[in-house]
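Peer 1: quick one: sequence plus predicted model below, questions after.
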Amino acid sequence: MAETLALPSNPETEPFWQACRDRRFLVKRCEACGEAHWYPRSLCPFCFSAKTVWQPGDGRGTVYSFSIMRRVPEPYAIAYVTLAEGPTMMTNIVDCDFDAIRIGMAVTVDFKALDDGRVIPVFKPA
């Protein structure tokens, strides 16, 4: 699964990936309009202001939608999780019975270390 994942690390998102390595979850928020947004970027997708800042994320969310990949050597669950801050992000659901995953299920962030040393955020049941 994640061992072959291409992470979109660049100067704009490097603070996010560094925080993941430190087991911290960050969310980008616009200081002009107050909206949090995902995918992190330097310009706010709501008002186009460049006044965006990284803030600690709550780490909680709810499953908006999900799919379980079973026809692979190691089954996994991919989901859209709506964060407590408002945005929805694509992620994996881990450490649970995949048949128990439900839309609206409360989840919390966790971090998975990849074989190459990178760390990615994943979610598990709250």
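Peer 2: Perfect, I can see it now. Residues are numbered from 1 along each chain as shown.
Peer 1: residue 85 reaches residue 27, doesn't it?
Peer 2: Yes. Applying C-beta atoms under 8 Å as the test, residue 85 and residue 27 come out as touching, 5.0 Å apart. Bear in mind the C-beta positions are built from the backbone N, C-alpha and C, glycine included.
Peer 1: where exactly do the strands run in the protein?
Peer 2: Using DSSP state E, the strands found in the chain span residues 26-30, 36-37, 52-56, 60-69, 76-83, 88-93, 106-113, 119-125.
Peer 1: tell me the angle of the last one relative to strand 106-113?
Peer 2: Right, the one you point to is strand 119-125. Regarding strand 119-125 and strand 106-113, their directions subtend 150 degrees when assessed with axes from the mean of the first three to the mean of the last three C-alpha atoms, to 10 degrees.
Peer 1: could I get the phi/psi values of residue 114?
Peer 2: According to degrees, to the nearest 10, the main-chain angles of residue 114 amount to phi -90, psi 160.
Peer 1: how many neighbours does it have?
Peer 2: Here the count is done by other C-beta atoms under 10 Å, and residue 114 has 14 residues near it.
Peer 1: that one against residue 120, yeah?
Peer 2: Yes. If you go by C-beta under 8 Å, residue 114 and residue 120 touch, sitting 6.7 Å apart.
Peer 1: which residues touch the residue lying closest to residue 49 once chain neighbours are set aside?
Peer 2: Counting by C-beta to C-beta, 6 or more residues apart in numbering, the nearest residue to residue 49 once its immediate chain neighbours are dropped is residue 32, at 3.6 Å. When contacts are counted by C-beta atoms under 8 Å, 6 or more residues apart in numbering, residue 32 touches 44, 47, 49, 51.
Peer 1: among these, which pair sits farthest apart?
Peer 2: For the contacts of residue 32, the maximum inter-member distance is 9.1 Å, found between 47 and 51 (C-beta to C-beta).
Peer 1: are there residues contacting both of the two? Which ones?
Peer 2: Here residue 47 and residue 51 have 30, 32 as joint contacts, going by C-beta under 8 Å, 6+ apart.
Peer 1: next, the angle from the least confident helix or strand in the chain by mean pLDDT to strand 26-30.
Peer 2: Of all helical and strand segments in the chain, the minimum by mean pLDDT, DSSP states H and E falls on helix 14-21, at a mean of 94. Helix 14-21 and strand 26-30 meet at an angle of 150 degrees, taking the same axes, to 10 degrees as the criterion.
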